[in-house]
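K.L.:
Pasting the sequence and the predicted model now:
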Amino acid sequence: MKSFNISRRRMARNLGLGAAALCLLGRSLSAQNGEETLVIPKEANPASVIPVAVTGFSGEVDQVVRFDLEVLGCEIVPPDRAVYLVQGSNQGNVQGALLDARTKNSLLAKAYTGGTLRAQAHAFANDVILSLRGTKPIFHTQIAFKADRGNSREIYVSDFDGHNPVAITRDNSIVAAPCWRPGTRILYYNSYKEGFPAIYMHDLNAGIRKPVARHPGSNISPAVAPDGKLALILSKGGNPNLYVADADGQNPRRLTNSREGESSPCWSPDGKKICYASRQEGGRGLYVVDVASGQIRRLRTALVNNATEPDWSPDGKWIAFTTQTGPNSFEVCVIPAEGGEAIRLAPGEDPSWAPNSRTLAIARRTANGNRVLSLLDVPTKRVKDAHQVGGSASQPSWAR
Amino acid sequence: MNRLTASFWFSLGLAVIVLLCDGCRRRPTALTYIPGHSRSVTNEMAGLMDDGTRIPQPPGTGANDLTRGRTDTGPIPLPDRALRENMNEDREYFKNQTVYFDFDKAAVRASERHKVQAVADALKKRPEASVEVEGHCDERGTEEYNRSLGERRALSIREYLVLLGISSERIFTVSFGEDKPAVPGHNEAAWSKNRRGEFILLTPKP
């Protein structure tokens, strides 16, 4: 009974802290977007769930609009309960409007042409979210991930919602850890095609790839900085340590020398720091290394243990990561980039930030042991499963 | 001969350290909150779930951490990949020597050391042969963490083989993380079989 009370109090405390930090997230998001566009979002509080009614669309367009709005923390409700009305049609092309449900004032009215109906629906949803939330549009973006469909395990690229999946490898081997070079169509990943984990650089536009790291032992967990610098884990020196190298893998330079081994590096968006997971100091945790000076500090992730798989938000302010909460259960958390108290978001693993610094792609374990890709709205903590390719899908990397 | 005596005394020293560390393990650990369970676990229960399986512990605190007793050598760099090419692979030869690990640990536990010893003995009798150590994990960890842990397991076995007198140039490593389970299933029976190091005998192609 006593322990129950403790955990309840602790939960209440967590939620309070969470709310405070999420408000902070909201402020930083509006500031970030204020620099790019002069959109003043209708909803100032990013953590508010927005009740929206969607009418007039049919079939795939209707599904896409509803799905996209839910991904950004809207709740689809009947018109009499809605704060905003999303109306439109898809006879031929998509056209749509956004209205204030009370005043019936029009906030947005647009028609779309070209591309597929699906792409038009995403474009309309982008405009609605820009009006409501003021965040950078993401519904036209892509993700890469690892898929295990029983007899084939390959790297896939799909729309952010899991639709239109395409296998970009045909290695018929173990593949892992896809990672985009920011702002490009170049993907780095692991393949065991030669019998050991080597890192490949794959230019999707040109359709060519080349190995960039095939040292003795492990060549794993590639992460690419905006200027193309590569962070990776190599064990050639006798331990799995963090290295940086040129974009083509040349000139590897070791940054850590722990005995226990490092994993999952990610870059700060300014390309000056790398956050990674390690087992130094007797526990799993996150560390940040300043690439120029080599100085390492432990990142404080108060309230949670066993942190791995960090990902630095594109606005530089947040680090999402995975915490292990039980023998086989994992949760996605977020902390301010300088460290602090962790906000627990939802069950799942391996978060990857969308370009809006608000949405995360995660992998969620199902009852049968498979993993499925989901989309997590950080301020509202709402999760929506992406369209699944079948089998097990994990290690999402959001193109940004 | 001198070298053998030295390595005997070293091994004995190692054993003493291991025994001393064993005592530390029984120390009560901090209160552990386990989500989904209505009660806390303390003292002797710490580290065990209701079904008797281990919960995550701070790594590096294990009793049988081979690496903790070693201060004489640093990490042992891996041999050039060219040396691994043009080899016949025999996965059956050391089939009975597969080494099993504790959850989230990379140290070779005492009960598994005779298997590494057997591999070392066999390699001493076949100077033309080399070995590849494959490190594997169970599914209870994040994927890239497990890929690193699998490599660390393979490296621990490699370091032990070096201690037993095998040249580091003859021992290669590869990690598969959790991607190649030996046994399917999502329970401790499967997991304990999947946390492993396998030996592949390598002989030069004629």
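P.N.:
Cool, got the structure. These numbers were taken from a predicted model, which means no experiment stands behind them.

K.L.:
Burial check on the spatially closest residue to A:Val224 that is not a sequence neighbour, number of neighbours?
P.N.:
The shortest distance from A:Val224 to any non-neighbouring residue, by CB to CB, 6 or more residues apart in numbering or on different chains, is to A:Arg181 (4.2 Å). The way it works is simple: take the backbone N, C-alpha and C, and place the C-beta from them, glycine included. Residues within reach of A:Arg181, counting by other CB atoms under 10 Å in any protein chain shown, total 22.

K.L.:
Look up phi and psi at A:Arg181.
P.N.:
Backbone torsions of A:Arg181, given as degrees, to the nearest 10, read phi -80, psi 120.

K.L.:
Return the residues in contact with it.
P.N.:
Residues counted as contacts of A:Arg181 (CB atoms under 8 Å, 6 or more residues apart in numbering or on different chains) are A:187-188, A:224, A:228, A:247.

K.L.:
Adding neighbour count, write those out as CSV.
P.N.:
Listed next are these as CSV, based on neighbours: other CB atoms under 10 Å in any protein chain shown:
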residue, neighbour count
A:Leu187, 24
A:Tyr188, 26
A:Val224, 24
A:Gly228, 16
A:Ala247, 16
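
K.L.:
Which ones among those residues lie within helices?
P.N.:
Among these, no member falls in helices (DSSP state H).

K.L.:
Chain B: which of these is nearest?
P.N.:
Of all the contacts of A:Arg181, chain B sits closest to A:Tyr188, with 13.2 Å by CB to the nearest CB.

K.L.:
B:Asn96: what secondary structure?
P.N.:
The three-state label given to B:Asn96 by DSSP: H, G, I helix; E, B strand; the rest coil is helix.

K.L.:
My read is that A:Asp266 contacts A:Ile274, right?
P.N.:
Actually, residue A:266 is Cys rather than Asp. Yes: contact criterion CB atoms under 8 Å: A:Cys266 and A:Ile274 qualify, at 7.0 Å.

K.L.:
Show me the shaky parts of the chain.
P.N.:
With no chain named, the answer covers chain A. Residue ranges of chain A with pLDDT under 70: A:1-39, A:280-282.

K.L.:
think we crossed wires, I meant chain B
P.N.:
B:1-73.

K.L.:
Which single residue of it ends up nearest chain A?
P.N.:
Nearest residue of chain B to chain A (CB to the nearest CB) works out as B:Pro75 at 2.8 Å.

K.L.:
how deep is that residue tucked in, by neighbour count?
P.N.:
By other CB under 10 Å, 17 other residues sit near B:Pro75.

K.L.:
same deal with A:Trp353?
P.N.:
25.

K.L.:
B:Arg91 too?
P.N.:
12.

K.L.:
picking up where we left off before, quick one, what contacts the residue of chain B closest to chain A?
P.N.:
Contacts of B:Pro75 by CB under 8 Å, 6+ apart are A:237-239, A:257, A:259, B:155.

K.L.:
ranges for the strands of chain B?
P.N.:
B:87-90, B:99-100, B:130-136, B:171-177, B:196-204 (DSSP state E).

K.L.:
Could I get those strands in JSON lines, plus columns for distance to A:Cys74 and mean neighbour count?
P.N.:
As requested, the strands of chain B are exported to JSON lines (distance: least, CB to CB, whole Å; neighbours: other CB atoms under 10 Å in any protein chain shown):
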{"stretch": "strand B:87-90", "distance to A:Cys74": "56", "mean neighbour count": "14"}
{"stretch": "strand B:99-100", "distance to A:Cys74": "50", "mean neighbour count": "22"}
{"stretch": "strand B:130-136", "distance to A:Cys74": "44", "mean neighbour count": "25"}
{"stretch": "strand B:171-177", "distance to A:Cys74": "38", "mean neighbour count": "26"}
{"stretch": "strand B:196-204", "distance to A:Cys74": "48", "mean neighbour count": "20"}
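
K.L.:
A:Arg153: which of the ones you listed is closest?
P.N.:
A:Arg153 sits nearest to strand B:171-177 of all the strands of chain B, at 11.9 Å, using CB to CB.

K.L.:
Just confirm yes or no for that closest one near chain A.
P.N.:
Yes: counting by CB under 8 Å from any CB of the partner chain, chain A has neighbours in strand B:171-177: B:172-177.

K.L.:
Not counting sequence-adjacent ones, nearest residue to A:Gly294?
P.N.:
A:Leu255 is the one closest to A:Gly294 (CB to CB, 6+ apart), at 6.0 Å.

K.L.:
Look up the residues forming beta bridges with A:Ala147.
P.N.:
With DSSP bridges applied, A:Ala147 shows beta-bridge pairing to A:Glu154, A:Ala393.

K.L.:
surely it meets A:Ala386?
P.N.:
No: with contact defined as CB under 8 Å, A:Ala147 does not reach A:Ala386; the gap is 11.7 Å.

K.L.:
Can you name the residues of the stretch 201-350 of chain A that neighbour chain B?
P.N.:
A:214-218, A:220-221, A:233, A:235-240, A:257, A:259-264, A:277, A:279, A:282-284, A:305-306, A:308-309, A:322, A:324-330, A:349-350.

K.L.:
and these, which are buried?
P.N.:
A:215-218, A:220-221, A:233, A:235-240, A:259-264, A:277, A:279, A:283-284, A:305-306, A:308-309, A:322, A:324-328, A:330, A:349-350 (16 or more other CB atoms under 10 Å in any protein chain shown).

K.L.:
Contacts only, for the closest residue to B:Arg170 other than its chain neighbours.
P.N.:
Spatial nearest neighbour of B:Arg170, excluding adjacent residues (CB to CB, 6+ apart): B:Ser130 at 4.3 Å. By CB under 8 Å, 6+ apart, B:Ser130 lies in contact with B:83-84, B:87, B:123, B:170-172, B:202-203.

K.L.:
all helices in chain B, in order from the N-terminus.
P.N.:
Residue ranges of the helices in chain B, as given by DSSP H, are B:2-25, B:113-125, B:143-163, B:188-194.

K.L.:
what touches both of A:Cys266 and A:Ile274?
P.N.:
Here A:Cys266 and A:Ile274 have A:223, A:231 as joint contacts, going by CB under 8 Å, 6+ apart.

K.L.:
if we compare the strands of chain B, which one ends up closest to A:Ile155?
P.N.:
Going by CB to CB, the one of the strands of chain B nearest A:Ile155 is strand B:171-177, 15.7 Å.

K.L.:
What strands line up against the closest one, and which way round?
P.N.:
By DSSP bridges, strand B:171-177 pairs with strand B:130-136 (parallel).

K.L.:
Okay, and which of the contacts of A:Arg181 map to strands?
P.N.:
Per DSSP E, those map to strands at A:187-188, A:224.

K.L.:
That'll do, ta.
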